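> Give me a 3D structure for the following:
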Amino acid sequence: MIMQGLKFMDEVPFRDVYIHGLIRDEKGHKMSKTRGNVIDPLDVIEENGADALRFSLTALATQGRDIKLSVPVIQGYRNFINKIWNASRFLFMNLGDYDDGVKVPEDELSTYDKWILTKLNETVKEVGDSFETYEFDKAAGAIYKFFWSEYCDWYIESVKPVLYGDDPKGKLRTKGVLVRVLKTALQLLHPIAPFISEELYQRLRGYGVELNAVDGGTAESIVISSFPEFGGNEIYRDEHDEVELMKEIVVGVRNLRAVIGLHPSEKVSVVLLPETKQARKQIEDNKGFISSLASLSGLEIAKKDKPKKAIAYVIPGVEIFLPVEGLIDVGKETERIKKEIGKISKELERTEKKLSNPEFLERAPEEIVKKEREIFEELSFQIKKMEDVLSKLREIV
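Predicted coordinates:
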């Protein structure tokens, strides 16, 4: 191809060649009909969609390594594609008489709007840099994290009260940010998952939303739209740090709920002890966000006194306390966990004996040894997790 390009076109047809690793099965074996471990891409596409397969291969394409592909991995990325679809449907159901021509002034953006725009621009830069250096797995990872976590799990949840509220101006502003972030994120996604990104863009066009084409006109298809550029003027560091602190508080409360085995939807009261006046003010300003996403029945901001009979979780700048009186019997829960640790310790001991036996390591098939090591790691993790819970329970006075 190079020689023909030089001969007939008098120019080098391309200057970079990307060579990816072999696509192997989940155990690292080469796929072959003899082994019966071939994954037929047509069957995978029929069941999970082409975008899920493309995203799986891209996400696993680490430079210098072969790709270990399995159907469960592809199914996991199918769930990711479904997540994008469902989040977009939620947006479409709330657009109503949306007018894409109305621009929201910067000074009217909320803290959460500025946070998601900051995250968007950081993702644009990371994805662009990764494509430039052919680190496609990093590009896929950045897109995945942004869509699943930042946009779906945090931003959409944070703005639902606005969309369901009675403030027309707030609704208009929020819809504008939601649409802008989605269409830019779809542009980032398009090289990896072209089918869902094109379908969703065409649906956005039904609401008057347009992207600029490379030639400066209107892009009738997302494939000819100009790739997003990093906007350094839309990095709002103060708002970003404020929302990140609120996220850490919510995650901290969720972790404390998990420690005592409370259902995620069960309402609880927490006490927050901020270290600075700034953190105190930020918590006051975001009490609704914290209470909603952490499923709280009450939120108290203490000045210096720590509550009694409470388990604690510490993050930089804030101590989080969950009073447990009336929620659990500390004595009974402690005994239950100790018994569970004893039971798992016996299983761990049996596994450890196997792995310390040279004959077993030498004679057992590689898959069996690998499985035993995975069991050992899982049991060790379970014991550590329960010991952490015991440690939290001992803090209760």
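
> Show me what secondary structure element comes after whichever strand or helix holds Ala139.
Ala139 is located in helix 136-145, with elements delineated by DSSP states H and E. Next helix or strand after helix 136-145 toward the C-terminus (DSSP H and E): helix 157-163.

> What would that following helix look like as CSV? C-alpha coordinates only.
C-alpha atoms of helix 157-163 as CSV (Å, rounded to 0.1, in the frame of the first residue of the first chain):
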residue,chain,number,x,y,z
GLU,A,157,-29.6,13.2,40.2
SER,A,158,-28.6,16.6,41.5
VAL,A,159,-30.8,18.5,39.0
LYS,A,160,-34.0,16.4,39.3
PRO,A,161,-35.4,18.7,42.0
VAL,A,162,-34.9,21.6,39.6
LEU,A,163,-36.6,19.8,36.7
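
> Give the rounded mean pLDDT of whichever helix or strand comes after it.
Using DSSP H and E, the helix or strand that directly follows helix 157-163 along the chain is helix 168-189. Mean pLDDT, helix 168-189: 93.

> when you compare where helix 168-189 runs with where helix 136-145 runs, what's the angle?
Put simply, helix 168-189 runs at 160 degrees to helix 136-145, going by axes from the mean of the first three to the mean of the last three Cα atoms, to 10 degrees.

> what separates helix 168-189 from the chain centre, distance-wise?
19 Å (Cα atoms, centre = their mean, to the nearest Å).

> Over to stretch 245-252?
15 Å.

> Please point out which parts of that stretch sit buried.
Neighbour-count burial for stretch 245-252, counted by 16 or more other Cβ atoms under 10 Å, picks out Leu245, Met246, Lys247, Glu248, Ile249, Val250, Gly252. C-beta here means a position set from N, CA and C on the backbone, and glycine is covered the same way.

> Report the mean confidence score over that stretch.
94.

> do stretch 353-367 as well
So the average pLDDT for stretch 353-367 ends up being 85.

> distance between the ends of it?
18 Å (Cα to Cα, to the nearest Å).

> What residues of stretch 262-276 count as buried?
For stretch 262-276, by 16+ other Cβ under 10 Å, it's Leu262, Val268, Val270, Val271, Leu272, Leu273, Pro274.

> Likewise for stretch 206-215?
Buried residues in stretch 206-215 (16+ other Cβ under 10 Å): Tyr207, Val209, Glu210, Leu211, Ala213.

> could I get those as JSON lines with secondary structure?
Formatted as JSON lines, the buried residues of stretch 206-215 follow (DSSP: H, G, I helix; E, B strand; the rest coil):
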{"residue": "Tyr207", "secondary structure": "coil"}
{"residue": "Val209", "secondary structure": "coil"}
{"residue": "Glu210", "secondary structure": "coil"}
{"residue": "Leu211", "secondary structure": "coil"}
{"residue": "Ala213", "secondary structure": "strand"}
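
> And the residues you listed, which is closest to His29?
Closest approach to His29 among the buried residues of stretch 206-215 (Cβ to Cβ): Leu211, at 43.6 Å.

> returning to that earlier point: can you list contacts of the helix holding Ala139?
55, 58-63, 80, 123, 126-127, 130-131, 185, 188-189, 192 (Cβ atoms under 8 Å, 6 or more residues apart in numbering).
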